[in-house]
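here you go, sequence then predicted model.
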Amino acid sequence: MLEHLNKETFKEKVFNFDTNTDWKFEGKVPAIIDFYADWCGPCKMVAPVLEELQKEYGEKINIYKVNTEDQQELAGMFGIRSIPSLLFVPLEGQPQMAMGALPKDSFKKAIADVLKVEE
């Protein structure tokens, strides 16, 4: 089951924007953050793919979900204009955003290239 983040858990697990002005990832393993909404059709297509990826990669990555309806402040901080928007967060370096319902192969490529994680 993918973990849903709110403002407080986001600060603990991803980025504490109250104490840091520059990006500083708080996680122990790379992460993907899915900014979505319940009414969004493409978001519903991505959800099972993310569940599969979490099972396949296990402890190597964390996949989090942020509901843009409930967490408008988080969505605003990342300039989310369209959903799904997916934030790929490597352990080192800057996160990268991808927009739209990506096919599983694109996720795997981004996990390898951006997150530097192999299955």
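Cool, got the structure.

how long is stretch 67-87 end to end?
The first residue of stretch 67-87 is 13 Å away from its last residue (Cα to Cα, to the nearest Å).

what lies in contact with it?
Stretch 67-87 is contacted by residues 4-7, 10, 17, 31-38, 40, 42-43, 46, 66, 95-102 when judged by Cβ atoms under 8 Å, 6 or more residues apart in numbering. C-betas here are computed from N, CA, C, even on glycine.

now the strands for this structure?
3-4, 31-36, 62-67, 85-89, 96-99 (DSSP state E).

any idea which residue sits dead centre in this protein?
Geometric centre of the chain, nearest residue: residue 33, 0.9 Å, by Cα atoms, centre = their mean.

isn't that residue up against residue 89?
Yes. Using Cβ atoms under 8 Å, residue 33 is in contact with residue 89, at 6.6 Å.

which residues do these two both contact?
Taking Cβ under 8 Å, 6+ apart as the contact rule, residue 33 and residue 89 both touch residue 14.

hey, which helix is longest across the chain?
helix 41-57 (DSSP state H).

what residue in this protein is the furthest from its centre?
In the chain, counting by Cα atoms, centre = their mean, residue 19 sits farthest out from the average C-alpha position, at 20.8 Å.

how about residue 54, what does it touch?
Residue 54 makes contact with 2, 61, 63 under the criterion Cβ under 8 Å, 6+ apart.

can I get the residues you listed in CSV with neighbour count?
CSV is the format used below for the contacts of residue 54 (neighbours: other Cβ atoms under 10 Å):
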residue, neighbour count
2, 15
61, 19
63, 18
